[in-house]
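A.B. asks: Need coordinates for the following:
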Amino acid sequence: MKINKSNIDKLKFTDKEEFYWDDDLKGFGIKVTKKKISYIIQARNDRGKTIRKKIGQINVFTPEEARRIAKKYLGDLAQGIDITTREKEEKTKSITLQQAYEEYIKIKTITESTKIKYERSMRLCFKDWANKALTNISREMIENRFLDTSKSSKSIANSDFRFLRAVFNFAMEKYIVNGEPIIPSNPCNRLKAFKLWNKVPRRQSYIHPSQIKTFFFGLQHHEQDTENVKTVKNQCLFILFTGCRDQEAGTLKWCNIDFKLNTITFEHTKNHKEHILPMGEYLREFLLKLKENNDSIYVFPAQNKSGHVENQRKTVQHIAENSGIKFSLHDIRRTFASIANNHIAGITNFTLKKLLNHSEDDVTAGYIQFETETLRKPMQLIEDYILKQAGVKENETNNVVNIFNKIV
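C.D. replies: Coordinates of the predicted model:
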């Protein structure tokens with residue numbers, strides 16, 4: 001038939017595919033299915049292979065527009081151009097930052113807190129770049145955006161653009177055309193080449209031993225505390241006795257605690273390696289008491305989508321203000337590390353790394369077959385020191401003051 005508007009208007013959907021070919025332009029046709037009526041082209045390429053390609057639905061293009069596109073496709077095929085491969089290449093070259101980011105987090109093993117940080121970067125720093133092709137994000141754009149972001153916060157600028165650099169590194173390996181990456185080099189490298197990365201001093205804040213008593217009793221539960229505040233207080237106490245990261249505690253399940261072997265297994269760690277710690281006597285009793293009033297699978301549950309505590313910054317600030325001790329959850333981890341390093345005799349650097357689950361950068365360490373049980377004594381010594389500073393454990397005796405009626 002002749003493909004024109006009047007003839008197209010007569011077509012009806014059909015359960016069986018039907019094809020109509022144009023009287024004037026060979027290879028230009030219409031495909032009818034039970035849900036769609038679309039313009040297509042069909043012809044053999046220079047290797048004799050039949051190529052069929054959809055142009056678009058009849059409600060998207062007029063017959064004249066579809067005919068012009070069909071002539072272009074058919075002409076390319078006649079010249080030996082592989083239009084199917086070319087379309088794939090063009091699609092690859094137009095991959096956007098948002099698409100690359102979504103692919104990146106699919107294959108990247110990240111913690112929930114890291115994902116939240118990435119989402120924040122996409123939402124705040126790179127919102128207007130989300131639908132921009134990676135190939136259109138230039139070095140100049142990155143430099144200017146980095147400098148602008150740094151005016152508000154140097155540390156956040158570093159964080160945002162380390163994330164962007166990681167996505168570009170991923171894209172360089174993921175998106176290839178004719179054997180070559182669509183992005184030959186990472187545009188974020190300009191920040192290093194021009195020495196633009198911000199120098200942000202490492203945080204040194206921690207809870208001094210003289211503050212532990214005030215801090216410890218600031219974690220007691222009060223009648224006016226919400227369930228969330230009580231749970232975060234429990235989490236703070238747990239981090240103080242284990243030195244774990246906040247989301248390692250937050251994602252901890254009861255099945256990860258072995259009350260027979262007296263061990264805690266952290267599965268969701270920063271270095272993605274299982275971390276097993278012995279628990280001290282006080283912490284064991286604390287967790288047993290906590291379990292009596294907890295029917296969740298998580299040690300620190302919350303009424304949210306994940307089922308466990310996360311994004312506790314505001315709650316921690318509230319607890320800090322009421323206790324009179326300014327702190328963050330990571331400050332508590334630094335407190336544990338500082339006590340182990342400064343106040344517990346005999347703890348080597350190797351043991352401290354194992355307590356904190358820091359990755360080893362020493363080749364020799366790879367030959368040492370480490371046993372979790374060797375950490376039991378250091379863990380108990382650290383716990384005893386904290387309890388003595390808190391006034392919960394008497395210095396001269398092994399008597400422990402029972403405050404579980406307050407901290408549960």
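
A.B. asks: Would you check that residue 393 makes contact with residue 387?
C.D. replies: Yes - Residue 393 is within contact range of residue 387, at 3.5 Å (criterion: C-beta atoms under 8 Å). Placement of C-beta: from N, CA and C, glycine included.

A.B. asks: per the record, what domains does this structure have?
C.D. replies: According to automatic domain parsing, the chain comprises the domains 5-91, 97-193, 209-390.

A.B. asks: What's the separation between residue 167 and residue 107?
C.D. replies: 12 Å (C-beta to C-beta, to the nearest Å).

A.B. asks: thinking again about what came up before, just send the domains of the chain back as JSON lines, with mean pLDDT too.
C.D. replies: Output for these, formatted as JSON lines (pLDDT from 0 to 100):
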{"stretch": "domain 5-91", "mean pLDDT": "90"}
{"stretch": "domain 97-193", "mean pLDDT": "94"}
{"stretch": "domain 209-390", "mean pLDDT": "91"}
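
A.B. asks: Of all these, which one is nearest residue 203?
C.D. replies: Closest approach to residue 203 among those (C-beta to C-beta): domain 209-390, 7.4 Å.

A.B. asks: Would you work out how far apart the start and end of the closest one are?
C.D. replies: End-to-end distance of domain 209-390: 9 Å, with C-alpha to C-alpha, to the nearest Å as the criterion.

A.B. asks: in the host helix or strand of residue 100, what counts as buried?
C.D. replies: Taking DSSP states H and E as the definition, residue 100 sits inside helix 97-107. Under the neighbour-count criterion of 16 or more other C-beta atoms under 10 Å, helix 97-107 has 97, 99, 100, 101, 103, 104 buried.

A.B. asks: What is the most widely separated pair among the residues you listed?
C.D. replies: 97 and 103 (10.9 Å).

A.B. asks: As CSV, the domains of the chain with distance to residue 202 would be great.
C.D. replies: Below are those laid out as CSV (distance: least, C-beta to C-beta, whole Å):
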stretch, distance to residue 202
domain 5-91, 44
domain 97-193, 10
domain 209-390, 10
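
A.B. asks: circling back: looking at residue 393 and residue 387, which one has more neighbours?
C.D. replies: Remark: of residue 393 and residue 387, residue 387 carries more neighbours, 21 against 18, as counted by other C-beta atoms under 10 Å.

A.B. asks: Confirm for me that that one is in contact with residue 381.
C.D. replies: No - Residue 387 is beyond contact range of residue 381, at 10.9 Å (criterion: C-beta under 8 Å).

A.B. asks: Run through the strands of the stretch 251-400 of the chain in chain order.
C.D. replies: All strands of the stretch 251-400 of the chain, identified by DSSP state E, counting those that start in this stretch, fall at 257-258, 263-266, 275-278.

A.B. asks: Now do the second one: which elements does it pack against?
C.D. replies: If I follow you right, that is strand 263-266. strand 257-258, strand 275-278 (3 or more C-beta pairs under 8 Å, 6 or more residues apart in numbering; DSSP states H and E).

A.B. asks: go with 6 Å
C.D. replies: In this structure, strand 263-266 packs against strand 275-278, with contacts taken as 3 or more C-beta pairs under 6 Å, 6 or more residues apart in numbering; DSSP states H and E.

A.B. asks: Strand partners (parallel or antiparallel) of the strand it packs on?
C.D. replies: strand 263-266 (antiparallel) (DSSP bridges).

A.B. asks: and the host helix or strand of residue 170, which residues are buried?
C.D. replies: Taking DSSP H and E as the definition, residue 170 sits inside helix 154-174. Residues of helix 154-174 classed as buried: 156-161, 163-168, 170-172, 174 (neighbour count, 16+ other C-beta under 10 Å).

A.B. asks: One more: stretch 204-220?
C.D. replies: Buried-residue list, stretch 204-220, by 16+ other C-beta under 10 Å: 206, 207, 209, 211, 212, 215, 216, 218, 219, 220.

A.B. asks: tell me which of the residues you listed is nearest to residue 270?
C.D. replies: When the buried residues of stretch 204-220 are compared for distance to residue 270 (C-beta to C-beta), residue 206 wins out at 18.8 Å.

A.B. asks: Contacts only, for that closest one.
C.D. replies: Going by C-beta atoms under 6 Å, 6 or more residues apart in numbering, residue 206 touches 331, 334, 335, 338.

A.B. asks: Burial check on the nearest residue to it once chain neighbours are set aside, number of neighbours?
C.D. replies: Excluding the flanking residues, the one nearest residue 206 by C-beta to C-beta, 6 or more residues apart in numbering is residue 334, at 4.0 Å. Residue 334 has 18 neighbouring residues, counting by other C-beta under 10 Å.

A.B. asks: What distance do you get for residue 334 to residue 240?
C.D. replies: As for residue 334, its distance to residue 240 is 11 Å (criterion: C-beta to C-beta).

A.B. asks: can you check residue 224 too?
C.D. replies: 23 Å.

A.B. asks: Then residue 138?
C.D. replies: Residue 138 is 48 Å from residue 240, by C-beta to C-beta.

A.B. asks: and what of residue 387?
C.D. replies: Residue 387 is 10 Å from residue 240, by C-beta to C-beta.

A.B. asks: Thanks a lot, catch you later.
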